[in-house]
Every structure is written in structure tokens, then in C-alpha cells.
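Asks: predicted model and sequence below, questions to follow.
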Amino acid sequence: MAAGAATMRAIAVRPGVADSLHARDVRQPRVDDVSNGRGVLVRVLRMGLCGTDRDIIRAEYGQAPPGDDFLVIGHENLGEVVDVGPNVPPSIRPGGLVVSTVRRPGHSIYDLIGRQDITLDDVYYERGINLLHGYLSEWYVEDCAWVVPLGPALSSVGVLLEPTSIAEKGIGQAYALQRRLPLWRPERGLVIGAGTIGLLAALVLRLRGLDVTVYSRRPGPYLNSELAEAIGARYESSSLRPLADVAREQGPFDIAFEASGFSPLAWAAADVLGKNGVLVLSSVTGGARTAEIPSDHINEGFVLGNKVMVGTVNASREDFERGANDQLLAEALYPGWLERLLTTPINGLADPAAVLRALEDQHTIKAHVEIAAPSGKGAR
């Protein structure tokens, strides 16, 4: 860090070193750090935390940016614009709320057209995850291409936009794939897993008019099951009933979204998917778990039933924009529902250990760090 440079507080890890989470002073960014007048300087308001952050803290993933031996973590951001370069579009202005996307372009053809979420590269450049510093700090600067403006109505829940974008991308891929069917009109949806992504996927499907069943391990009633039911979804527990029984009663499912982190349930979902259905896999399961499955039955069902299974990861700017629109719709139809997901607030950047405690709390749906309050000025 250059002598005399302004500094800010951040929370970081030393990649590859387990339990190295710590607070540190780092250089405060400037709007001209981004070339061609495209910089957006953002004051961070809230930062969401998720299982990816936990894996990085455990040294299961993550690399520092070149030249550094630390990685500022955090990718689920919400901030307020402080300054912009001369070539930033007028939709992004000081005082406005913004969320920035996560992955940055690599080298494949998809990266070159702004679709790095479906890159062919093996190395990913992801803020707060791999090779790029994240947002768990007081400030950040970003190219306007990756900055999504939000209206003031989302000031309390905009921190949920990044996980919402994951659900948006997966469900958007399902609809894109089903263009192969000239008359596909999905009526029944299945979501496996009642964590943040699962609940948000259930919300997106409900906003599209589907009858939705959420299937997760813990028996209800508890907060997650109550949240599913509050948007008109049905909640079922894997501890009480096998998925095959649920499917016979509530199916056939036209679209299934797997977000449990338990890979055997992906095969169970494949087994109960309806004809012409699509199964979206969003869980990253990096372990060595194996499962015995009825492979002939699943294979025959996919062939004779014209079914599709697709994996999804990360999200594009367009997914973030759709997510913002759906969050506004959700606020109108289910007021206060999104904010109920924010179960575990952490006050400021002074106590990194609180981040880990929140991530390990079994009652947490979404932990988030409160870093600053909005100025109240609004976009000018």
C-alpha cells in the first residue's frame, strides 16, 4: 500500500489457510481506478453472507488476486453510489442504490460477449471468491457494465438480489430450454431445499403462477416452512415422506429446482420429474458422496418422457435485472416477505468472528453485515 494512501476497513482471508478470517486496513479505491471514465465508486451498505463464504473461510476454495496474499471476501452486495466517471450512463448516479454482479470476463467467446456466467474457461474471476477482491469492506469501485441500479423501494432487501439472480438464471434457463416445446405451460413446480436459494426459487416460480411444492429435510412448522407457505407454496419434509410419495400426490412436476446441497436428492428429483419436464441443478456438491439410484428407470423416463436436466451457476446482468423486477413484484404481492429472510444481522466490520458464527448458526436463513446507513439523498 502506497505511503499516504487513504485506507478503509475490510474483512479478508489468507486463501489456503483455514480459519484465517481477519479484519484489515486496505487501500480505499477511487473512481479513476477504472479506466475510460467508466468507474462507479460505491459506499457499501449491506453485505450478505452464504455457504460459499464459509467454504472460503475453511480454505476449501478461493485464490488471492495477483500480488496479494489475502482475499477480501463477500459477493452479495448492496451499496450507494458516491461518485461516477464521465462515461457512466445516467441510470447510475450519486445517491442511487446499486448491486454489482460477481463474475468478470475471462477469455472464452462467451466472456467476450458479456456472458461470463457460462464461460468455457476453467479459471473463474469472481469478486470475493476467486482472484478478485470482494465487497466486504467500506467501499468498492467497479466498471459500470457490472453495476445494476435499484430503486429506493428495495433499500431493505436489495442485499438479496445476488442470490435472487441465481434463482432467476436457473429458472430462466428452464424456460429457454422449453422453447423446444411449442405449447409448454408449466403448472406445477418442485423446489428441493428451503434455504435462501430454495425459498427464492419458490418465490420466482410463484410469481410466474406455478403451484409450488418445497421439499426439505426439517419437519415444519418452522420459519423456513412458514415462509414457503406465506407465498402460497406447499411445504413437505423429507424426514416424514419420501419424494416419490409427494410426487404421486402433488405432481407431475413440470419444473424442478434442486437447491439442497444433498446430491442424492437430485437423482430423486430426476426420478419423479414429469413428462416434458426440466430439472435445474444449482447445488455445488464438491464432496465424494455416492448414491445407489434406479438408473434404468431414470434413463428410460428421460428418453421416453423428453425430459431435460441442466446445471446452472452464477448469473448474468440480465438475471440481476429480472431479479430486481421480481423483488419489486414480491414487495407488492407479499409485503415484508423478503425482509423476513434476513434473519441474522451483524453490526459492522469490527468482529470477523461474528461472520463465522452467523454462517454456522443452524437457525440462519440469510446472514448479513450492516456496514453503513443510506444517506437518504436518493439518486440525483
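Replies: Cool, the structure landed.
Asks: from the chain's centroid, how far away is stretch 274-282?
Replies: 20 Å (CA atoms, centre = their mean, to the nearest Å).
Asks: let me see the mean pLDDT of it.
Replies: On average, the pLDDT along stretch 274-282 is 97.
Asks: got the CA coordinates for that stretch in PDB?
Replies: Extracted in PDB, the C-alpha atoms of stretch 274-282 (Å, rounded to 0.1, in the frame of the first residue of the first chain):
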ATOM      1  CA  GLY A 274     -43.000 -35.200 -15.200                       C
ATOM      2  CA  LYS A 275     -43.000 -35.800 -18.900                       C
ATOM      3  CA  ASN A 276     -41.500 -32.900 -20.900                       C
ATOM      4  CA  GLY A 277     -40.200 -31.600 -17.600                       C
ATOM      5  CA  VAL A 278     -37.000 -29.800 -16.800                       C
ATOM      6  CA  LEU A 279     -34.800 -30.300 -13.800                       C
ATOM      7  CA  VAL A 280     -32.500 -27.400 -12.800                       C
ATOM      8  CA  LEU A 281     -29.400 -28.400 -10.600                       C
ATOM      9  CA  SER A 282     -28.000 -25.500  -8.600                       C
END
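Asks: not counting its neighbours along the chain, what's nearest I371?
Replies: What sits nearest to I371 in space, not counting adjacent residues and going by CB to CB, 6 or more residues apart in numbering, is V44, at 4.9 Å. Where C-beta positions appear, they are placed from N, C-alpha and C, glycine not excepted.
Asks: for that neighbour, give the beta-bridge partners.
Replies: G79 (DSSP bridges).
Asks: which stretches of the stretch 201-350 of the chain form helices?
Replies: Taking DSSP state H, counting those that start in this stretch, the helices of the stretch 201-350 of the chain run over residues 223-230, 243-250, 264-272, 295-304, 317-333, 337-340.
Asks: which residues are in contact with the fifth one?
Replies: To tie it back to what came earlier, the one meant is helix 317-333. For helix 317-333, contacts defined as CB atoms under 8 Å, 6 or more residues apart in numbering pick out 99, 101, 114, 117, 145-146, 148, 150-151, 153-154, 157-158, 160-162, 164-169, 172, 203-204, 207, 315, 337-338.
Asks: also the fourth one?
Replies: Contacting residues not belonging to helix 295-304 are listed as 267, 270-271, 273, 307, 309 [CB under 8 Å, 6+ apart].
Asks: in it, which residues are buried?
Replies: 298, 301-302 (16 or more other CB atoms under 10 Å).
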